[in-house]
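[1] only geometry, no sequence info:
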């Protein structure tokens, strides 16, 4: 007979992973990425937690007759900085596919992955008895059907 899962050990592992993730998120605040557009006429420095720290605009980029160009340069630099910061986050934090905590796989390891009432396909409110779509009708719903 297989041994039941050690819930205390799983809880301790989940808490340790959560603590590691929180430490990594704090560390991201100190790391920065930079992006520039227009040959360096617009430069942005952004922290790893997606906060713009500096925005530099070369005076040559400011043309009162072409404000749209400056706007486009700023947007492009912001988008590039966000992309780089998200890459930094992904490399530091990773995701469930990189060994992070996946709650559904934890439930499945406990034999609870397909339980109705916990959400997901095959369960959740829609799978519960009580007149919800996909479930058996409750007593009131059965009475209403009989009256028709």
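    Great, that's in hand. Since the structure is predicted, the reported quantities are computational estimates derived from the model, not experimental observations.
[2] would you indicate which residues of the longest helix seen in the chain are buried?
    Criterion DSSP state H: the longest helix present in the chain is helix 67-93. Using 16 or more other CB atoms under 10 Å as the test for burial, helix 67-93 gives 70, 73-74, 76-78, 80-82, 84-85, 88-89, 93. In short, each C-beta sits where N, CA and C put it, glycine included.
[3] for the residues you listed, which one is nearest residue 30?
    Distance to residue 30 across the buried residues of helix 67-93 (CB to CB) is lowest for residue 88, with 11.3 Å.
[4] which stretches of the protein form strands?
    When assigned using DSSP state E, the strands of the chain occupy the ranges 32-37, 42-47, 52-57.
[5] please identify the most buried of the ones you listed.
    Among the strands of the chain, strand 42-47 has the highest mean neighbour count (mean count of other CB atoms under 10 Å), at a mean of 20.
[6] partner strands of it, parallel or antiparallel?
    strand 32-37 (antiparallel), strand 52-57 (antiparallel) (DSSP bridges).
[7] for the ones you listed, please prepare CSV with the additional fields mean pLDDT and distance to residue 13.
    Output for the strands paired with strand 42-47, formatted as CSV (pLDDT from 0 to 100; distance: least, CB to CB, whole Å):
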stretch, mean pLDDT, distance to residue 13
strand 32-37, 93, 32
strand 52-57, 94, 35
